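Peer 1: Show me how the following folds:
(chains A, B, C and D)
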Number of protein chains: 2
Amino acid sequence: MKAAARGARRRERLPRDERVGQIMRAARQVFCSKGYEAAATAEIAERAGVVEGTLYRYFPTKRDLLIKVVEQFYEEIFSDYEAQLSGVRGTWNRLRFMIWKHLSVMHKDPDMCRLIVHELRPWPQYRQSSIFTLNQRYTQSTLAVVREGIASGEFRDDVPLRIVRDMIFGGAEHHTWGHLRDEGGFSPDTAADAITNMICQGLQRAGRAAAVDSSVNRLERVVQRLEGLTAPQQRARGNP
Amino acid sequence: MKAAARGARRRERLPRDERVGQIMRAARQVFCSKGYEAAATAEIAERAGVVEGTLYRYFPTKRDLLIKVVEQFYEEIFSDYEAQLSGVRGTWNRLRFMIWKHLSVMHKDPDMCRLIVHELRPWPQYRQSSIFTLNQRYTQSTLAVVREGIASGEFRDDVPLRIVRDMIFGGAEHHTWGHLRDEGGFSPDTAADAITNMICQGLQRAGRAAAVDSSVNRLERVVQRLEGLTAPQQRARGNP
DNA sequence: GCAGACTAATGAGTAATGCTCACCATGTCT
DNA sequence: AGACATGGTGAGCATTACTCATTAGTCTGC
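Peer 2: Predicted structure coming up:
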């Protein structure tokens, strides 16, 4: 009773997960608004309604806290992109989808992305972190699309995939810097178009009539099927 | 005589420039070997043969010291590149020269470049620093080469230069990460060839091929939409 | 060659901050 | 009701960028 009488905060015992959730929410706010260095553990604790020492019961260091916060963000963002990708047809469209998705995340959550790009990734242990692995999965999915294009004959097979990856993601990242710094925006749509076009044209085969043919043939078949399905409606509206 | 008798360091008065030089040399060593955060001002001072307070007579903050060190490096490196560029003929060769030069610096001085890329550039005030200006001059020279290509008719004029810049420098930077972290090297020659080829082919004037492409792309999109309409039950769950 | 002024250089001290640890309080189980 | 496991506390530590009053080389004018 003494503590309560003295007006101190009522001590509340919460289940681990709930407390961890509170702390992570507070941390995300403070990290996003101030950046990693300027975010004081004291402020995070205060905002989470606990005392500094409590943070360290659940997270060994401030940096581990950042990593967990970013991990959670990644899972929110990329949980379903593979399913989404599977609904997109055609090499150009599939590539554009992956690039656009990447750019959209940057556009929508610049603070969080700034944390990842400018504060987490430069850290020496980055490649041992789970963030690196999650990122790798994303770039691999993107490169898989390029491989499909090579396999189908649309793309040359003499350009190192690593370079393609670097130009896509390096280019996208470079393009978004201004926005991450809150010093000028960008359009995910326009940028995705431009990057996709540059990549696709850069990878184009020298002689590519065959690739276009196969693509056109496939389209012809699908269109034929679709015409069969939709023909009645179209005619009803006066279309031959 | 007391101080000397006690074995303390003899106090030496040096002209400003000489002292500044000593400090900057020491700072460069410590920054490069430990990174910015881990570099203690105490160690820099010790290595420069002065006491900590002396640093602050010449540099207002640790960060300013870093900036001066990096500025000096930039001047060493890029002092004569414009003269060198003027000796190279042909769009492809000129572009390759600029890309290669950039990659070579990264290759030769990874520690210094890591400082710039990972520690200085993420800083909020980066765009107000002289490093930003120096960098801008370099990218502008590179884009000038692209503009020449457009003017001569070699390149299309419908690709935003900003995207070209981002893909060149973003791509180059992404490509060198492993090397900057001392986790795997790269070849400036091979990489410069690959990037230059991708950019040049990506910027090639559109002929009949491009027209066919855009047509095929449009068809792909329409077909995709129609497939979704005619078979909604198949992808209803996986699709947003 | 000396007084005095100028200022380079010192080093003890400060504030901020990530992190630790011995102890306390609270919900639960027997 | 008492014991136990564990969530929670807050004073305190170590590190480190940065400050400032003081000290002492060095140069000028006589």
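
Peer 1: so where do the helices sit in chain A?
Peer 2: Listed in chain order, the helices of chain A (DSSP state H) span A:2-5, A:16-34, A:41-48, A:52-58, A:62-78, A:81-86, A:91-108, A:110-114, A:130-151, A:161-165, A:171-180, A:188-203, A:209-236.

Peer 1: what about the first one, average pLDDT?
Peer 2: For helix A:2-5, the mean pLDDT works out to 33.

Peer 1: Please name the residues that touch A:Glu183.
Peer 2: Contact analysis of A:Glu183 by C-beta atoms under 8 Å, 6 or more residues apart in numbering or on different chains lists B:Arg127. Yep, even glycine has a C-beta here, placed from its N, CA and C like the rest.

Peer 1: do you know how far it is from A:Thr190?
Peer 2: 18 Å (C-beta to C-beta, to the nearest Å).

Peer 1: same deal with A:Glu52?
Peer 2: 46 Å.

Peer 1: Low-confidence regions, chain A specifically.
Peer 2: A:1-11, A:206-240 (pLDDT under 70).

Peer 1: Need the nearest residue in space to the residue most central in space within chain A, chain neighbours excluded.
Peer 2: Residue closest to the mean C-alpha point of chain A, counted by C-alpha atoms, centre = their mean, is A:His102 at 4.6 Å. Distances taken as C-beta to C-beta, 6 or more residues apart in numbering or on different chains place A:Ala172 nearest to A:His102, at 5.5 Å, with adjacent residues excluded.

Peer 1: and if you look at A:Thr54?
Peer 2: Nearest to A:Thr54 is A:Ala45, by C-beta to C-beta, 6+ apart, at 6.6 Å.

Peer 1: who's in contact with the one you found?
Peer 2: Neighbours of A:Ala45 in contact, by C-beta under 8 Å, 6+ apart: A:23, A:26, A:51-52, A:54-55.

Peer 1: Which among the residues you listed count as buried?
Peer 2: A:23, A:26, A:55 (16 or more other C-beta atoms under 10 Å in any protein chain shown).

Peer 1: Closest to chain B out of these?
Peer 2: When those are compared for distance to chain B (C-beta to the nearest C-beta), A:Leu55 wins out at 20.4 Å.

Peer 1: how close does A:Gly87 sit to A:Phe97?
Peer 2: Taken as C-beta to C-beta, the span from A:Gly87 to A:Phe97 is 9 Å.

Peer 1: between these two, which one's more packed in?
Peer 2: Taking neighbours as other C-beta atoms under 10 Å in any protein chain shown, A:Gly87 and A:Phe97 compare with A:Phe97 leading, 20 against 16.

Peer 1: What is the burial count for the closest residue to DNA strand D within chain A?
Peer 2: Nearest residue of chain A to DNA strand D, counting by C-beta to the nearest atom of the strand: A:Gly53, 1.9 Å away. Using other C-beta under 10 Å, A:Gly53 has 9 neighbouring residues.

Peer 1: Now do the same contact list for it.
Peer 2: Applying C-beta under 8 Å, 6+ apart, no residues contact A:Gly53.

Peer 1: what's the answer for the one 5 residues further on, then?
Peer 2: Under the criterion of C-beta under 8 Å, 6+ apart, the contact list for A:Tyr58 reads A:16, A:19-20, A:23.

Peer 1: Which of those has the largest number of neighbours?
Peer 2: Busiest of the contacts of A:Tyr58 [other C-beta under 10 Å] is A:Ile23, holding 24 neighbours.

Peer 1: okay, now the closest residue in space to that one that isn't next to it in sequence: neighbour count?
Peer 2: Distances taken as C-beta to C-beta, 6+ apart put A:Ala48 closest to A:Ile23, at 4.6 Å, once the chain neighbours are dropped. As a burial measure, A:Ala48 scores 21 neighbours (other C-beta under 10 Å).

Peer 1: what about A:Gly184, distance to A:Ala191?
Peer 2: Counting by C-beta to C-beta - A:Gly184 and A:Ala191 are separated by 13 Å.

Peer 1: Please identify which of the two sits among more neighbours.
Peer 2: Neighbours per residue (other C-beta under 10 Å) separate A:Gly184 from A:Ala191, with A:Ala191 holding more: 24 against 8.

Peer 1: isn't that one right next to B:Val159, touching?
Peer 2: No - if you go by C-beta atoms under 8 Å, A:Ala191 and B:Val159 don't touch, sitting 11.7 Å apart.

Peer 1: From B:Arg181, how far out is A:Cys113?
Peer 2: 20 Å.

Peer 1: Which one of the two is surrounded by more residues?
Peer 2: A:Cys113 (22 against 16).

Peer 1: Which positions within stretch A:126-142 qualify as buried?
Peer 2: A:126, A:129, A:131, A:134-135, A:138-139, A:141-142.

Peer 1: Can you tell me which of those residues is nearest DNA strand C?
Peer 2: A:Ser129 (15.2 Å).

Peer 1: Next, the contact list for the nearest residue to that closest one once chain neighbours are set aside, please.
Peer 2: Excluding the flanking residues, the one nearest A:Ser129 by C-beta to C-beta, 6+ apart is A:Ile67, at 5.8 Å. Going by C-beta under 8 Å, 6+ apart, A:Ile67 touches A:120, A:129-131.

Peer 1: ok, now A:Ser104?
Peer 2: Here A:Ser104 is in contact with A:Pro188 (criterion: C-beta under 8 Å, 6+ apart).
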